[in-house]
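In: Next input, structure requested:
(one chain, ligands or ions: 1)
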Amino acid sequence: MRHILKKNNQITSEKDVIITIKRLGINGEGIGYYKKKIIFIPNALPGEVVVAKITETFPKYLEGELIRIKEKSPHRVAFPKNVNPETGGLELAHLDYDSQLLFKKELIKDSLLKFHPRNYQKIKVKNTIPAPKQWYYRNKAQYQIESIKNKISLGMYAPKSQKIIDLPIMPTQSKNTQKIEFAIKKLIEKMHIAIADSRYKKDGLKTVVVRQSHATDEIQVTLVTIGKNIKNLDKLAEKIIELENVVSVFQNESQWNNPLVWGNKTTKLIGKNYITEQILNKKFILSPRAFFQLNPEQTEVLYSTALNYLELNANSILVDAYAGVGTLGILASEKVKQVIGIESIPEAIADAQFNCRLNNVKNAEYINGSVEKILPQMQKDGIAIDALIVDPPRTGLNKQLVKTLLTCKPKDFVYISCNPSTLARDLVLLSQAYDVRLIQPVDMMPQTPRWEGIAKLVLRK
Ligand SMILES: C[S@@+](CC[C@H](N)C(=O)[O-])C[C@H]1O[C@@H](n2cnc3c(N)ncnc32)[C@H](O)[C@@H]1O
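Out: Numbering: from 1, shown residues only. Prediction:
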């Protein structure tokens, strides 16, 4: 047994243990048991017998680090070559792709079993739809930047660490977005741009976001800064826009006390106001802060599958709740009488309204505000909703909102979710009035445990 000094200066023991891995956890870690206590071991696979080091002890569970594999899973594949194994976002890269798809089907089945919405045993969970590309699919890179002893690092934090992996090779990130991040780092070094430093609360550059349109190749760069006046930032923007495919550079201002990457104020430094993306037969403009799926090719599959689950007709009033830049509503607009979109970010609403004009859509209206406030108001105003799409963030639907839905009762209802736990939780209440006909997982993020799926709900007669 070795002894280590922990972060909180307590001496604890650290020892190697042999664990049989039973299943994968929600974050893709192997799960086993040590002395009847659950232990999470990243990079270990079900069926494997591994030697692990216990790294953290909590009252209800342990965390471990994989030291050696004694018995290997037949589903283990080689981790991509030349990639730093500390790089985050590749939690399942050591598992073959068919098993990744199965894992994503099992994730939602496990959540249904945990929360058991009405008739959960009868809910049909379909096989996960595979992504067209398993590698190099991500269209947006959001890299942090730091300068320590005059050495600049631009990249992502290693999991559970404050260490930035400098210019990581990310085999899920599109090659162009990586190339532009690398080129921007060189410019920052050459032009001596100030880097934000939390130790001395020194203002400067904090994050470099590069997003590329799959349809047009246009690249939008956003420089997130702490503070407004960063010396030579405009000159840096002039250099960045000369890089291949870059059409605009923005500055987003954040503050030290902001726990999020993005601050509230975004201003254009140079170039176009937006980039244009295309999904199926419709075009969408994207301003820097607007949400857009990270895997554009698979987004077409996600959206067309979701819309096919709705029985829309020329008399339908469709509500697209959590509308982003209006994608789903605009794609459905030809089939319905009216689309009403609800979205909380004002810039996304402006994009959605522009997108309607761009696609000559005249029967869609976008309302800025929270779904929790706008839907009850619509109900008070006597607007009868025939069909509803909700596509909320990971937290799922607020309980009060679910109660509103149970009283306004749209006949057709599709729930797009990025979190199987909150989906299963919300289905408990929703299944009081709705039958959950099926759940279709769609793999938007190969090599990661990130989950996306669609639930089709039909009002019970
Ligand atoms: C998962 S995204 C979906 C966007 C869009 N449906 C798409 O696929 O591009 C969730 C969206 O909901 C918005 N949002 C988050 N909370 C909200 C709320 N309480 N009310 C309205 N919109 C909200 C976010 O700004 C984001 O655009």
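In: tell me, which helix in the protein spans the most residues?
Out: When the chain is parsed with DSSP state H, its longest helix is helix 97-115.
In: counting contacts, what elements does that helix pack onto?
Out: Judged by 3 or more Cβ pairs under 8 Å, 6 or more residues apart in numbering; DSSP states H and E, the packing partners of helix 97-115 are strand 124-125, helix 420-430, strand 434-441. Placement of C-beta: from N, CA and C, glycine included.
In: so how far is it from its chain's centroid?
Out: The chain centroid and the centroid of helix 97-115 are separated by 18 Å, computed with Cα atoms, centre = their mean, to the nearest Å.
In: And for stretch 220-238?
Out: Its chain's C-alpha centre and that of stretch 220-238 lie 26 Å apart, by Cα atoms, centre = their mean.
In: Buried residues, that stretch. List them.
Out: Going by neighbour count (16 or more other Cβ atoms under 10 Å), the buried part of stretch 220-238 is 220-227, 230, 233, 236-237.
In: same check, this time on stretch 352-365
Out: Buried residues in stretch 352-365, counted by 16+ other Cβ under 10 Å: 352-356, 359, 361, 364.
In: Check stretch 251-258 too.
Out: Neighbour-count burial for stretch 251-258 [16+ other Cβ under 10 Å]: 251-254.
In: Name the nearest of the buried residues of stretch 220-238 relative to Glu244.
Out: Proximity of the buried residues of stretch 220-238 to Glu244 (Cβ to Cβ) peaks at Val221, which lies at 12.1 Å.
In: Let me know the pLDDT of Asn8.
Out: At Asn8, the model reports a pLDDT of 41.
In: In the stretch 301-450 of the chain, which residue sits closest to the ligand?
Out: Nearest residue of the stretch 301-450 of the chain to the ligand (Cβ to the nearest ligand atom) works out as Gly324 at 2.8 Å.
In: could you pull out the helices for the stretch 301-450 of the chain?
Out: Under the criterion DSSP state H, counting those that start in this stretch, the stretch 301-450 of the chain contains helices at 327-332, 346-358, 371-380, 399-408, 420-430.
In: close to the ligand, is the last one?
Out: No - Helix 420-430 stays clear of the ligand (Cβ under 6 Å from any ligand atom), getting no nearer than 11.9 Å.
In: what comes into contact with that helix?
Out: Outside helix 420-430, the residues that touch it by Cβ atoms under 8 Å, 6 or more residues apart in numbering are 26, 107-108, 110-112, 114-118, 120, 392, 394-397, 399, 402-403, 405-406, 413, 415, 417, 436, 439, 451, 453, 455, 457.
In: Not counting residues beside it along the chain, what's closest to the residue of the stretch 301-450 of the chain closest to the ligand?
Out: Phe291 (4.5 Å; Cβ to Cβ, 6 or more residues apart in numbering).
In: Kindly provide the distance from Ile54 to Tyr34.
Out: 7 Å (Cβ to Cβ, to the nearest Å).
In: Can you name the residues of this structure that neighbour the ligand?
Out: Close to the ligand, as judged by Cβ under 6 Å from any ligand atom, the chain has residues 291-293, 322-324, 327-328, 342-345, 348, 370-372, 391, 393.
In: residues of stretch 260-270 that come out buried?
Out: Under the neighbour-count criterion of 16+ other Cβ under 10 Å, stretch 260-270 has 262-263, 266, 268-270 buried.
In: Convert that stretch to CSV, retaining C-alpha atoms only.
Out: Taking Å, rounded to 0.1, in the frame of the first residue of the first chain, the C-alpha atoms of stretch 260-270 are listed here in CSV:
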residue,chain,number,x,y,z
LEU,A,260,-20.1,30.5,-18.0
VAL,A,261,-17.8,30.7,-21.0
TRP,A,262,-20.0,33.3,-22.8
GLY,A,263,-20.7,36.8,-21.5
ASN,A,264,-23.8,38.8,-22.5
LYS,A,265,-22.3,41.4,-24.8
THR,A,266,-21.2,40.3,-28.4
THR,A,267,-19.8,42.9,-30.9
LYS,A,268,-18.6,42.4,-34.4
LEU,A,269,-14.9,43.3,-35.0
ILE,A,270,-14.9,42.6,-38.7
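In: Listing partners with orientation, what would you give for the lengthiest strand in the chain?
Out: In the chain, taking DSSP state E as the definition, the longest strand is strand 61-71. Strand 61-71 has the following sheet partners, assigned by DSSP bridges: strand 37-41 (parallel), strand 49-57 (antiparallel).
In: can I get these in a markdown table with mean neighbour count?
Out: Listed next are the strands paired with strand 61-71 as a markdown table, based on neighbours: other Cβ atoms under 10 Å:
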| stretch | mean neighbour count |
| --- | --- |
| strand 37-41 | 19 |
| strand 49-57 | 18 |
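In: Including mean pLDDT, could those go into CSV?
Out: Output for those, formatted as CSV (pLDDT from 0 to 100):
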stretch, mean pLDDT
strand 37-41, 97
strand 49-57, 95
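In: Ok, which of those comes nearest Gln100?
Out: Among those, strand 37-41 sits nearest to Gln100 (Cβ to Cβ), with 17.9 Å.
In: Run through who's touching that closest one.
Out: Contacts for strand 37-41 (Cβ under 8 Å, 6+ apart): 17, 19, 21, 25, 27, 29-33, 50, 52, 54, 60-66.
In: mind running it again at 7 Å?
Out: 19, 21, 25, 29-33, 50, 52, 61-64, 66 (Cβ atoms under 7 Å, 6 or more residues apart in numbering).
In: how's the chain carved up into domains?
Out: 2-71, 101-132+279-459, 140-275 (automatic domain parsing).
In: Highest mean neighbour count out of those?
Out: Of all the domains of the chain, domain 101-132+279-459 has the most neighbours on average by mean count of other Cβ atoms under 10 Å, namely a mean of 19.
In: what about that domain, how long is it end to end?
Out: 30 Å (Cα to Cα, to the nearest Å).
In: For the nearest residue to Leu401 once chain neighbours are set aside, give me the pLDDT.
Out: In this structure, Leu401 finds its nearest non-sequential neighbour in Glu372, 5.0 Å apart by Cβ to Cβ, 6+ apart. For Glu372, the pLDDT comes out at 96.
In: who touches Glu372 in this structure?
Out: Neighbours of Glu372 in contact, by Cβ under 7 Å, 6+ apart: 398, 400-401.
In: All good on my end, thank you.
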